[in-house]
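# Fold the following for me, if possible:
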Amino acid sequence: MKDDCVIIGAGTYGQVYAEYLKELYHIIGFIDDNVVLHGKKINNIEVIGDFDYLLSNLSKTTRVFVPIGSNDVREQLLNKLWHSGFATPNYIHPTVNIDQSVKVAKRAVYILQGTNVMPLSELREGVMISAGTTISHHTVIDAGVFISFGVNVGASMFIENKAYLGIGCTIMTGVKSVGTNSLIGAGAVVIRDVPAGATVVGNPAKVIKIKS
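Numbering: from 1, shown residues only. You can find the predicted model right below:
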């Protein structure tokens with residue numbers, strides 16, 4: 001018998017994860033704070049209520065998935081769920097190639113198809129990795145990081161808390177850190193360390209702004 005689960009976020013990413021998760025879980029519904037969606041069905045899955053509804057009405061045996069692209073929002077929701085005692089399992093697509101030596105956090109790690117994670121790396125809580133990405137050896141992906149489609153991350157570096165790596169970017173081996181809350185633009189080629197809060201774009205990537 002399948003465990004019950006809900007998916008927070010009825011947008012496109014939530015819908016994609018629903019397609020994967022329905023093979024493993026009984027999906028009770030989507031959770032979304034947009035009241036216009038409440039009671040409606042999206043791809044035959046009902047939007048059953050908002051986050052407060054989840055906290056007040058669902059059993060703690062219900063598994064909760066939070067595939068939301070915003071690092072800040074995902075982190076906030078996960079912290080509230082953990083504080084309230086809800087389980088947030090990992091989802092790793094069966095086509096992911098992940099070496100047995102990789103350290104993977106026990107909750108809220110989401111990895112989509114065709115991704116490769118090389119030996120002696122580490123994936124921390126709340127990490128989202130999209131399809132077709134490569135994480136090289138001895139690299140740490142810190143909590144709350146989002147890595148988009150087709151990204152290449154080199155060896156022996158630290159991708160810090162809530163960094164956002166855009167579609168098809170490359171972080172070259174030799175870079176030691178990509179800073180907290182930084183944003184790597186789509187297709188960027190990063191050849192030097194990225195400061196916290198920086199947005200970098202281009203090839204080679206250059207800082208165009210830093211969050212105040």
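# how about residue 155, what does it touch?
Counting by C-beta atoms under 8 Å, 6 or more residues apart in numbering, residue 155 touches 118, 136, 137, 138, 139, 173. Any C-beta I mention is one placed from the backbone N, CA and C, and that applies to glycine too.
# Now rank the residues you listed by neighbours and give me the top one.
residue 139 (23 neighbours; other C-beta atoms under 10 Å).
# That residue contacts residue 154, correct?
Yes. Judged on C-beta atoms under 8 Å, residue 139 makes contact with residue 154 at a distance of 7.2 Å.
# Give me the neighbour count for residue 181.
When neighbours are counted by other C-beta under 10 Å, residue 181 comes out with 18.
# So what does the residue nearest to the spatial centre of the chain look like in phi/psi?
For the chain, the residue nearest the mean C-alpha position is residue 128 (1.8 Å; C-alpha atoms, centre = their mean). Dihedral pair for residue 128: phi -120, psi 130, per degrees, to the nearest 10.
# State the pLDDT value of it.
Looking at residue 128, its pLDDT reads 98.
# Next, the contact list for it, please.
67, 69, 74, 110, 111, 145, 146, 147.
# how about the helices of the protein, start to end?
For the chain, the helices defined by DSSP state H occupy 12-21, 51-57, 71-84.
# I'd like the distance between the residue nearest to the centre of the chain and residue 53.
24 Å (C-beta to C-beta, to the nearest Å).
# From the rest of the structure, what touches stretch 70-84?
So stretch 70-84 is contacted by 8, 51, 55, 60, 64, 66, 68, 88, 107-108, 125-126, 128, 143-146, 162-164, 181 (C-beta under 8 Å, 6+ apart).
# Quick one, which of those residues are buried?
8, 64, 66, 68, 88, 108, 125-126, 128, 143-146, 162-164, 181 (16 or more other C-beta atoms under 10 Å).
# How about residue 25, nearest residue that isn't a chain neighbour?
residue 5 (4.0 Å; C-beta to C-beta, 6 or more residues apart in numbering).
# Residue 65 is in contact with that neighbour, correct?
Yes. Between residue 5 and residue 65 there is a contact under C-beta under 8 Å: 6.2 Å.
# what mean pLDDT does stretch 30-39 have?
Rounded mean pLDDT across stretch 30-39 is 97.
# Now do the end-to-end distance for it.
Stretch 30-39 stretches 10 Å from its first residue to its last (C-alpha to C-alpha, to the nearest Å).
# quick one on the thing from earlier: in the sheet, who's paired with the residue nearest to the centre of the chain?
residue 110, residue 146 (DSSP bridges).
# Same question for residue 27.
residue 5.
# so it touches residue 10, yeah?
No. Using C-beta under 8 Å as the test, residue 27 is too far from residue 10 to be in contact (11.6 Å).
# If you count surrounding residues, which of these two has more?
Set residue 27 next to residue 10 and count neighbours by other C-beta under 10 Å: residue 10 wins out with 25 against 20.
# so that one touches residue 42, yeah?
Yes. If you go by C-beta under 8 Å, residue 10 and residue 42 touch, sitting 5.4 Å apart.
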